[in-house]
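Engineer: kindly return the folded structure for what I paste below:
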Amino acid sequence: MILAVEELRFFYRNREVLREIAFTIHAGEIIAILGPNGVGKTTLLKCLNRILTPRKGTVFLDGDDLYGLDTMEIARRVGYVPQRVETGRLTAFDAVLLGRRPHIGWDVQEKDLKIVDAVFRRLSMENLRMACIDEMSGGELQKVAIARSLVQEPEVLLLDEPTSNLDLKNQVNILTIITQVVREHHIAAVMTMHDLNQALRYADRFIFLKAGRVFTHGNHDVVTPGVIEEVYGLPVIIGELGGVRCVVPGNTASEPLEDPS
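Structural biologist: Model (predicted):
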């Protein structure tokens, strides 16, 4: 396994946000962290990157205690894409090249430039190379952040709602590319997601959080109408369309709607 989380507990002051979180993820695997707003999804992701330090518990990265590694070692091995990306007067190329910083010695090498070029091509971002990131749309900025994490060549990718600012076509493109990278390079990805249909399409396993705890976790078998209603408080129907499982909200009204005609 690449990542193992053991009995994680996190507090904001005296308020417990995460309690007894435990799971593992293997190479070539994508896990979706699911649950309603405020349940601790982003906090959990930040604990996996040591942006936040839990009060109790351990995270092992390929057998090494994450909290015992130095910052540069974590940056070499863990790529992180936050929900909100800070901007500045940098070109997209320079912003993405910063992702190579943990691997760079005295100076940028030809290898580093080739890796950045390859990611720009793979994400179809050539037209953004010299654009300033403080003049970009939210979707363009999100693609730059994902590109920066990919050039790190990490063992684990942590993505906090990676498609939240993207249009439908770019959502599909980005998630397809992330899936390909995970499989081809034998790394792992942990993604927080709100879109259950995207999660069903791209994730291998699922962790449902409720009240700061793992309500249930497992493969596609755990994604059931009962689990979703219990976690989100919303009845749903799960069906299949074009060979793809889909989640559709059920009718929450106590009385049937009248025909306006």
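Engineer: now the helices for this structure?
Structural biologist: For the chain, the helices defined by DSSP state H cover 41-47, 71-77, 92-97, 110-122, 138-151, 168-185, 196-202, 225-232.
Engineer: helices and strands around the longest one, which ones?
Structural biologist: Pointing back at helix 168-185 there. strand 29-34, helix 138-151, strand 156-160, strand 188-192, helix 196-202 (3 or more Cβ pairs under 8 Å, 6 or more residues apart in numbering; DSSP states H and E). Backbone N, C-alpha and C define where each C-beta goes, glycine included.
Engineer: confidence-wise, which of these is weakest overall?
Structural biologist: Note on the helices and strands packed on helix 168-185: helix 138-151 shows the lowest mean pLDDT, a mean of 90.
Engineer: so which elements touch it?
Structural biologist: strand 78-81, helix 92-97, helix 110-122, strand 156-160, helix 168-185.
Engineer: tell me which residues are up against the first one.
Structural biologist: Counting by Cβ atoms under 8 Å, 6 or more residues apart in numbering, strand 78-81 makes contact with 45, 48-49, 51, 61, 99, 142, 145-146, 148-150, 152, 154-160, 162, all of which sit outside it.
Engineer: and for the last one?
Structural biologist: When contacts are taken as Cβ under 8 Å, 6+ apart, the neighbours of helix 168-185 outside the stretch itself are 28-30, 122-124, 139, 142-143, 146, 150, 153, 157, 159, 162-163, 166, 187-189, 191, 198, 201-202.
Engineer: out of these, which end up buried?
Structural biologist: By neighbour count, with 16 or more other Cβ atoms under 10 Å, the contacts of helix 168-185 hold 29-30, 123, 142-143, 146, 150, 153, 157, 159, 162-163, 166, 187-189, 191, 198, 202 as buried.
Engineer: picking up where we left off before, reformat the helices and strands packed on helix 138-151 as TSV; add distance to Arg9.
Structural biologist: Shown next, in TSV, are the helices and strands packed on helix 138-151 (distance: least, Cβ to Cβ, whole Å):
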stretch	distance to Arg9
strand 78-81	21
helix 92-97	35
helix 110-122	36
strand 156-160	19
helix 168-185	28
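Engineer: chain center to stretch 83-92: distance?
Structural biologist: 18 Å (Cα atoms, centre = their mean, to the nearest Å).
Engineer: to Glu73, which of the helices and strands packed on helix 168-185 lies closest?
Structural biologist: Proximity to Glu73 (Cβ to Cβ) singles out strand 156-160 among those, at 12.7 Å.
Engineer: which elements pack onto the closest one?
Structural biologist: helix 41-47, strand 78-81, helix 138-151, helix 168-185, strand 188-192.
Engineer: what is the burial count for Arg148?
Structural biologist: The number of residues packed around Arg148, counting by other Cβ atoms under 10 Å, is 23.
Engineer: repeat for Arg13
Structural biologist: 5.
Engineer: I'd like the distance between it and Val5.
Structural biologist: Separation of Arg13 from Val5 (Cβ to Cβ, to the nearest Å): 23 Å.
Engineer: same question, Leu123
Structural biologist: Distance of Leu123 to Val5, given as Cβ to Cβ: 29 Å.
Engineer: likewise Val181?
Structural biologist: 22 Å.
Engineer: how about Ala118?
Structural biologist: The separation that Ala118 has from Val5, given Cβ to Cβ, amounts to 32 Å.
Engineer: related to what we said a few turns ago, quick one, which of the helices and strands packed on strand 156-160 is nearest to Gly242?
Structural biologist: Gly242 lies closest, by Cβ to Cβ, to one member of these: helix 168-185, at 13.6 Å.
Engineer: what comes up buried for the closest one?
Structural biologist: 170-171, 173-175, 177-179, 181-182.
Engineer: export those to TSV and tack on pLDDT?
Structural biologist: As requested, these are exported to TSV (pLDDT from 0 to 100):
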residue	pLDDT
Asn170	88
Gln171	91
Asn173	89
Ile174	88
Leu175	93
Ile177	90
Ile178	91
Thr179	94
Val181	90
Val182	93
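Engineer: contact partners for the closest residue to Ala75 other than its chain neighbours?
Structural biologist: Of all residues not flanking Ala75 in the chain, Pro102 sits nearest, at 4.0 Å (Cβ to Cβ, 6 or more residues apart in numbering). Shown in contact with Pro102 (Cβ under 8 Å, 6+ apart): 72, 75-76, 152.
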